[in-house]
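Participant: Below is the structure, and that's it, no one-letter string:
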């Protein structure tokens, strides 16, 4: 089974090694201390068994014939030594448990921060091609799995293997023959683990899938509960649920069942082992077979057999622990490998070198760079050929020239699209779902890169502009408002972090949001929770307009909301949008004909091509698609 | 209370639930007896004949075999019992939710219900397994091991009696200190995940405003906060390891010293006849079995502490689940309910309504409205004017607080719920399609409808045309939430779904907002011509959608502010006129969104 998994997901193979490597590269010093302490405490653990043998052989047995007084000194000496060793061992355990707790949580934080940093650098494509639920579960379930691997499996496996090795050596130093018996039984235990544990792991993986399916179903049904009620669909939903629930039960039952029986099986193989060891030991003792140990031969004593049995018990316990650990490693590996898969994703690349700077004019009327915000911007364009730097004022002149684009190869979304927007112009895109309206806006801010053609911003090819600076010069108001947890003020300030309170309020006034904000119990300090769920749709839109207003960019991309809000709020939103659009170049994905009519240029898109362009009057006169749309024969969507 | 509620879901898994602890008891007893036999085995190994070794060996093997059987059975049954219990819990929760009214659902929220059915059930399942296995195993092990050690030597067992309270008190202190810290950090952790989710959803906004570094810093700060708060209780709990080792080592040393003294002092010499050693109160074999008992006692105490913590953590989940199971549905069918809705008359007689009893403001007050079978009534009003609340009382999704709602001349509270709701089709504002084919979605209206009937309903809702244009036609798969069809298409499909019910009353709650005006008009025309006998109640934002209705009701702040035809209202009602003019001022055209 394990082999199958490897074939399925080669990334999982190296995960354990990678976790260890990551840990050591970050916490070299502390981990070394941890390992030394584990080593020491394992050794102390082993010496506890030797200690018993010493007490029996050097104190009790001689005392039986010579009386207690004859061994007092030896006994006290032995106990004192052991007391010292144990004391040190307790300190070692204290140090490594504490250090490991600290390291584990630091590691957890570090991994989370790494993941988040990585995620912020990923292209939009990643978020469009992965479901949000999947990305989210990397942060929750998969990080937990990785944490388990790093904080529990790795140190425990280390400590178990150290103990196993030490016990093995000590056992060898007692008796080679008896050790052989132990080795045979340990092999049996490993085989049992492979058989039972393998079945358990396989079913746990199945269970994971069944859980995902059940959760998906539950989520859909709970969200649609009101529809279910209205259609009296309860019984059908219950039937479907019973089926899925039954499947989940089936694999959960098997997975847990196999996991539960592993320990009794291993434990009793251990018990069987004691009998055989004892039997073999005594038989050898009676038969007088010389005992071979790694330093030579001697006669088997009662003390040796006794210690050996105790030791073989610890040994088999450790084999059992190792076996279970291997199982959890198999389970955790899948999750951990997904964390690394996220960390290995390719970041968005940026070869741009033209940057956005504050600009002012010097005495001669030339544009120069300014250290402070002036309200004017310039593109700082270094020329590598002659080492000079030129400045061009940011005006908002955008040109798409014969642009082709496809999200997936062979499935072109845009074909030969050309759009010219002069500074201050409003360009509206209309067309049905999937015509490519949103795609065009995705290209201007380089969420996606075009396949062919050119896009120029103030005459500069946008590939030459640093992505951050390009985006800083473009404002956006989207259908999904996407507000963040925080106060109203913080949400508006998101548009420009150094905006003063006055500027934030001015932006809110411009958007038409100021009035409703002032009516809130805590005004600008009111908290938004869960994407602004405590605000109405219209209010959220006003806030997102205010956010764009405070950014005050020369170019604006707007995706008009389709959701229906009542007429009065809609009028306020509309007015806010209008004020925001004043004096800027605006690309607007229009859903309202009133918006379209106010545009300077209208682009009618169909199947990735611009089929009509012009202003309202021209297009009406054409009596083409736009005319049909306008007269209500088609939906604007 | 909570326990009683949850225990009702055990049902057919009662037998495995009982068998598990029984077999577990057997396994534990054997596990405690086995060291005893091992001690005999070791003592026998001291002698010079094989027979005693063979004898104890066989006993040990038999016991191991029994222990294996018991252990396997208890493990198997525990899995069956706990996963079965979880299955029943999910089943009961799901069925319970199906019986909920809108009011019940509002109280818990959909996401709250999802958490209860998933995470909470899993927590309870794990805790249940812990209880029937480990909460039996460890106390039993502790007690048996203690009894056995008393059996071996009461004097030596006193060492355990001394060490148990030390370990117990220290562990309790650690947990008592650490648990509240964990609790608060888990809440913080939820918040962190919420903010990640926010970022994933709003990545376009983050990138547009180039706020990647800003978000990174924010995230790093919260992650660091969590690390700091998490590491504190973890450091405390990390103390339990050295504590445990201290106890084990202390026991080993004490047993060795006192054991040696006791063994030697009570030794009876070598039997002259058999050459056997005549042990007194303690033998060397006894010492080794005491060692094993000490490990059993101390580790079971540790495990018991961990089990307790896990169970405590699951109680919150158990409480949340029992809340749902104990919730009584607000709206149930009465006894001797009426099963036939005679006609499509709808009457509101002095109806007042608010969503919760404690709410001060009424959502609707003093509504008097009488609609005749077959009439078309439009309802208009701003956000929060109570339009949706009004119509939701017709299929009894909510009950009126005052006054009564009649359908077909009878109070809605006299009908059997399914009969009432099957005669009233309602297209909700939040229109939802489910994952499955288009046809499967439409069949929600009538599971036995033929393809012709489905197509007919789709044609009435102006959906047939675009459905046929899909390559898969009516078999086209709809993604969860209907994300692969446009808003207007979704609305038309939900209307078709409602039409398939062939209702006596059809309610559209702002269901054509994303449909273009021409299609909107076509749909209304189809209603007029094809289902003249059905009462049609249409809520809309656009005056155009209700202009041709027989009557238009204007709602304002939960009261009827005006009623009449389009022309009448234009003259008499200010609100209506204002809305109409604002929508038509831009040159007499309608907004098409």
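Facilitator: Now that the structure is in, tell me what you want to look at. On a predicted model such as this, the values are computed, not experimentally measured, just so you know.
Participant: C-alpha only now, for contacts and for neighbours.
Facilitator: Will do.
Participant: so who does residue A:64 touch?
Facilitator: Shown in contact with residue A:64 (Cα atoms under 8 Å, 6 or more residues apart in numbering or on different chains): B:264, B:267, B:269.
Participant: if you set the cut-off to 6 Å instead, what comes out?
Facilitator: residue B:264 (Cα atoms under 6 Å, 6 or more residues apart in numbering or on different chains).
Participant: Which of the three states applies to it?
Facilitator: On the three-state scheme (DSSP: H, G, I helix; E, B strand; the rest coil), residue A:64 is labelled helix.
Participant: need the strands for the stretch 451-593 of chain B, in chain order.
Facilitator: B:477-478, B:505-509, B:535-539, B:551-556, B:559-564 (DSSP state E, counting those that start in this stretch).
Participant: relative to strand B:535-539, how tilted is the fourth one?
Facilitator: The one in question is strand B:551-556. 40 degrees (axes from the mean of the first three to the mean of the last three Cα atoms, to 10 degrees).
Participant: one step back: quick one: which of the strands of the stretch 451-593 of chain B is nearest chain A?
Facilitator: Closest to chain A of those is strand B:505-509 (Cα to the nearest Cα; 11.0 Å).
Participant: could you check the angle strand B:535-539 makes with the closest one?
Facilitator: On the basis of the same axes, to 10 degrees, strand B:505-509 is oriented at 10 degrees to strand B:535-539.
Participant: Direction included, what does strand B:505-509 pair up with?
Facilitator: According to DSSP bridges, strand B:505-509 forms sheet pairs with strand B:424-427 (parallel), strand B:535-539 (parallel).
Participant: Can you mark which positions in stretch B:266-285 are buried?
Facilitator: Burial within stretch B:266-285, assessed by neighbour count using 16 or more other Cα atoms under 10 Å in any protein chain shown, is assigned to B:267, B:277, B:279, B:281-285.
Participant: From one end of it to the other, what's the distance?
Facilitator: Counting by Cα to Cα, to the nearest Å, you get 15 Å between the two ends of stretch B:266-285.
Participant: follow-up on the earlier one: make TSV out of the strands of the stretch 451-593 of chain B and add mean pLDDT and mean neighbour count.
Facilitator: Converted to TSV, the strands of the stretch 451-593 of chain B look like this (pLDDT from 0 to 100; neighbours: other Cα atoms under 10 Å in any protein chain shown):
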stretch	mean pLDDT	mean neighbour count
strand B:477-478	88	18
strand B:505-509	93	25
strand B:535-539	94	26
strand B:551-556	92	23
strand B:559-564	92	18
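Participant: quick one: which of the buried residues of stretch B:266-285 sit in helices?
Facilitator: Applying DSSP state H to the buried residues of stretch B:266-285, the entries found in helices are B:284-285.
Participant: Now cross-check the buried residues of stretch B:266-285 against chain A and list the overlap.
Facilitator: Near chain A, taking Cα under 6 Å from any Cα of the partner chain as the test, no member of those is found.
Participant: and of the buried residues of stretch B:266-285, the nearest to residue A:628?
Facilitator: residue B:285 (99.5 Å; Cα to Cα).
Participant: Check what pLDDT that closest one gets.
Facilitator: Note on residue B:285: pLDDT of 76.
Participant: pretty sure it is in contact with residue B:37, am I right?
Facilitator: No: at 9.8 Å, residue B:285 does not count as touching residue B:37 under the criterion of Cα atoms under 6 Å.
Participant: now residue 74, nearest residue through space, not along the chain?
Facilitator: You didn't say which chain, so I picked chain A. residue A:59 (6.8 Å; Cα to Cα, 6 or more residues apart in numbering or on different chains).
Participant: my bad, chain B
Facilitator: Per Cα to Cα, 6+ apart, closest to residue B:74 is residue B:20, 4.5 Å.
Participant: secondary structure element for the one you found?
Facilitator: Following DSSP states H and E, one finds residue B:20 within helix B:14-46.
Participant: Averaged pLDDT, the helix or strand following that helix. What do you get?
Facilitator: As assigned by DSSP H and E, the chain's next helix or strand after helix B:14-46 is helix B:51-99. When pLDDT is averaged along helix B:51-99, the result is 91.
Participant: Equivalent analysis for stretch B:169-177, please.
Facilitator: The model assigns stretch B:169-177 a mean pLDDT of 89.
Participant: domain ranges for chain B?
Facilitator: B:2-326, B:346-584 (automatic domain parsing).
Participant: would you turn those into CSV with distance to residue A:45?
Facilitator: Formatted as CSV, the domains of chain B follow (distance: least, Cα to Cα, whole Å):
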stretch, distance to residue A:45
domain B:2-326, 9
domain B:346-584, 57
